[in-house]
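In: Show me how the following folds:
(chains A and B)
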Amino acid sequence: MRGLLTIVIAAILTHNIALTYLLGMCPFISMSQRIKTAWGMGVAVIFVVVLTAAINWLVYHLVLVPAHGELIHFIVFILVIAGTVQLLEMVMERFFPVLQAHFGIFLPLITVNCIVLAASLFMILRAYSFAKTLAFALGTAAGWTLAIVIVAAINEKLRLVGDVPKGLRGPGIVMIAAGIIALAFLGFGGMLRIQ
Amino acid sequence: MNLRRLLGKERYKTLLKGVWTEHPISSMCLGICSALAVSNKVENAIAMGAGVTFVLIATAVMVSSLRKMIPARGRMITYMVTIASFVIVVDKFLKAYFPVISETMGPYVGLIITNCILMGRAEAFYARNPLGLSLVDAVANGIAYSYTLTGIAVVREVLGFGTLLGMRVMPAGWENWVVLSLAPGAFFLLGLFLWITRTLAGVEPPREG
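Out: Purely as a prediction, here's the structure:
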């Protein structure tokens, strides 16, 4: 149990997927203008990452390994992710229209969000057990959400000041803001180890 | 210019667009993740650039020559499977011939699949244009991606490790800027790169809404 908690906290703070592994940058740039959008995207990401990592773990260990099909795990993972997102969209549309109205627009974008695939690839590289995979997926997605919400908050404040040089506006200033936050997160380094 | 006559007007224009005016990273903001993550050492950047260029070219050939047969509804999945198959080739190639680079790049090789440059170009260009033109576009985007990655990597490796391609280039008294080899350095340098190129190319800033 303690091991699991360590993995969650390490994935959020010391090994933040956005700020140390530099992944999930496309939505990081396009969705970080407002806290509300960033938060919506974050919640959708948490849900999808945990769900797909669990499914991918089961598929990998129960189907691919016994069948000696590890070679094609990239293809299988990406299909599982695309399929899950599609299915989720249909289920939400049918049964949870309120949720759909809030988070529906984020779902198609998630298929190409690299942290979804990254969570599945890391769990294979580090040979995590099923429970550890769930903990890692949860921490990873929560860490990404934390990072994008912080950067969105900075962007909202920046818009009030509003004298960012022309060429730096948009993605450029997001990079600089993320860099400063990443510096701050370096302070957590050494607090925990994750393998 | 010779190159222009060699390629013909339209292909030349596509090449120029890919390499400079519609640079995938600076003007379209595609492929940022790997541009940040794999640019800490020049050798990784070159390997990544070569890998992405290879997958781009292979995807261009496949998608462009099959474009009339791919059904509109299933096209995203088709592109994904095509891209993923070629990424497996790159992954196995690196593992077999460059095990050290493969080790340090870890999951980032597999993450070429979700590199938006591939999906973006497949959807926007290869699915609509003939093979020759698509090939030119793939090469142009590959070159643009590779030189950007390598450029950032040169700065980060020289200042962050004091080396270039593993060889010592800085004088003995040089104090490494460790932060440049870590994540924040990547963000700052890419921010600078975007600032410079977007100003030079005159990209209009997005409307703030």
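
In: what phi and what psi does the backbone show at the residue lying farthest from the centre of chain B?
Out: Within chain B, the residue lying farthest from the chain centre (C-alpha atoms, centre = their mean) is B:Gly173, at 34.7 Å. Taking degrees, to the nearest 10, you get phi -80, psi 0 for the backbone angles of B:Gly173.

In: next SSE after the longest helix seen in chain A?
Out: In chain A, assigned by DSSP state H, the helix with the most residues is helix A:130-161. Downstream of helix A:130-161, the first helix or strand assigned by DSSP states H and E is helix A:171-186.

In: Mind giving me the packing neighbours of the longest helix of chain A?
Out: Applying 3 or more C-beta pairs under 8 Å, 6 or more residues apart in numbering or on different chains; DSSP states H and E, one finds that helix A:130-161 contacts helix A:2-9, helix A:25-30, helix A:35-58, helix A:114-125, helix A:171-186. Any C-beta I mention is one placed from the backbone N, CA and C, and that applies to glycine too.

In: and these, which is most packed in?
Out: For those, the largest average neighbour count (mean count of other C-beta atoms under 10 Å in any protein chain shown) is found in helix A:114-125, namely a mean of 25.

In: Give me the angle between that one and helix A:130-161.
Out: 150 degrees (axes from the mean of the first three to the mean of the last three C-alpha atoms, to 10 degrees).

In: Tell me what angle helix A:114-125 forms with helix A:35-58.
Out: If you take the same axes, to 10 degrees, helix A:114-125 sits at 30 degrees to helix A:35-58.

In: Quick one: residues contacting the residue nearest the centre of chain B.
Out: Closest to where the C-alpha atoms of chain B average out (C-alpha atoms, centre = their mean) is B:Tyr145, at 3.0 Å. B:Tyr145 sits next to B:24-25, B:31, B:35, B:49, B:52-53, B:117 when contact means C-beta atoms under 8 Å, 6 or more residues apart in numbering or on different chains.

In: same thing but at 6 Å, please
Out: Residues in contact with B:Tyr145 (C-beta atoms under 6 Å, 6 or more residues apart in numbering or on different chains) are B:24, B:52.

In: Need the pLDDT of it.
Out: Looking at B:Tyr145, its pLDDT is 91.

In: Tell me which helix or strand it sits in.
Out: In this structure, B:Tyr145 is located in helix B:131-161 according to DSSP H and E.

In: Contact residues of chain A facing chain B?
Out: A:19-20, A:22-23, A:25-26, A:29, A:74-75, A:78, A:112, A:114, A:117-118, A:121-122, A:125, A:166-172, A:175-176, A:178-179, A:182-183 (C-beta under 6 Å from any C-beta of the partner chain).

In: Is B:Lys13 within a helix or a strand, and which one?
Out: Using DSSP H and E, B:Lys13 maps to helix B:9-16.

In: All good on my end, thank you.
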